[in-house]
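Peer 1: sharing a model prediction with you, sequence too.
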Amino acid sequence: AADKINLIPQDFFAELCEQIIQHLNHKIPGVNTAELCQRIQTSGIEIDIGDLAKIANIISFLFSTAARNNLSTEVLVATLGNAVSALPKHAVQVIRHVWNEQGKSISVSEDARNMATVGQFVDIEWKLGVAMSSDTCRSLKYPYVTVTLKVAEPSGQITGRSFEMTIPQFKNFFKQFKEMAAVLETV
């Protein structure tokens with residue numbers, strides 16, 4: 001991972017680290033690695049979304065472990081220096097700065113430690129489409145709804161899950177949401 005971290009410019013790496021801290025503090029639902037990866041690639045650096053996600057997981061683990069063990073900035077940097085000699089200097093400097101500025105704010109309550117590992121809803125997008133024809137059928141005129149749910153995984157990665165529904169399936173989906181809303185009104 002150190003060679004991949006070396007590819008990321010210092011400002012983007014700092015943004016990644018700050019987003020991870022915000023996620024660990026429950027201020028944002030997750031780290032949008034897809035958006036960050038696209039911006040890094042637009043700046044001319046070749047990096048894979050999978051590699052960036054792995055780096056985000058490593059840094060998240062680093063910060064959460066440091067918070068759980070109540071490490072000072074000096075101890076964290078010294079530990080990094082001893083354990084990961086291949087870590088680029090700019091990365092260590094960013095980690096030092098971000099941890100020094102924001103690391104102590106990470107909440108590590110027992111509730112947070114024991115929280116179930118389920119994703120958190122971020123956004124929903126939908127579109128209505130009509131399949132006009134296919135190679136086997138000239139005239140379909142088949143309406144469908146495409147739904148994309150954006151979910152922040154427990155690791156902090158924001159992922160999109162898309163699915164299509166027929167109109168009857170969508171009506172059932174909508175009915176179930178209305179039932180949930182009615183139950184929530186009683187709470």
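Peer 2: Thanks, I have the structure now.

Peer 1: show the subsequent helix or strand relative to the worst-scoring helix or strand of the chain on mean pLDDT.
Peer 2: Lowest by mean pLDDT, DSSP states H and E among the helices and strands of the chain is helix 110-113, with a mean of 45. Counting by DSSP states H and E, the next helix or strand C-terminal to helix 110-113 is strand 120-131.

Peer 1: for that following strand, give the mean pLDDT please.
Peer 2: Across strand 120-131, pLDDT averages out at 87.

Peer 1: check which residues of that strand are buried.
Peer 2: Neighbour counts over strand 120-131 (16 or more other CB atoms under 10 Å) mark Val122 as buried. Yep, even glycine has a C-beta here, placed from its N, CA and C like the rest.

Peer 1: go on, stretch 149-161?
Peer 2: Buried residues in stretch 149-161, counted by 16+ other CB under 10 Å: Leu149, Lys150, Val151, Ala152, Glu153, Ser155, Gly156, Gln157, Ile158, Thr159.

Peer 1: contacts for stretch 89-96, please.
Peer 2: Identification of contacts with stretch 89-96 by CB atoms under 8 Å, 6 or more residues apart in numbering yields 2, 5-6, 10, 13-14, 17, 59, 62, 73, 76-77, 80-81.

Peer 1: ok so, going back, between the buried residues of stretch 149-161, which is closest to Ala181?
Peer 2: Distance to Ala181 across the buried residues of stretch 149-161 (CB to CB) is lowest for Leu149, with 17.1 Å.

Peer 1: so the closest one: helix, strand or coil?
Peer 2: Three-state assignment for Leu149 (DSSP: H, G, I helix; E, B strand; the rest coil): strand.
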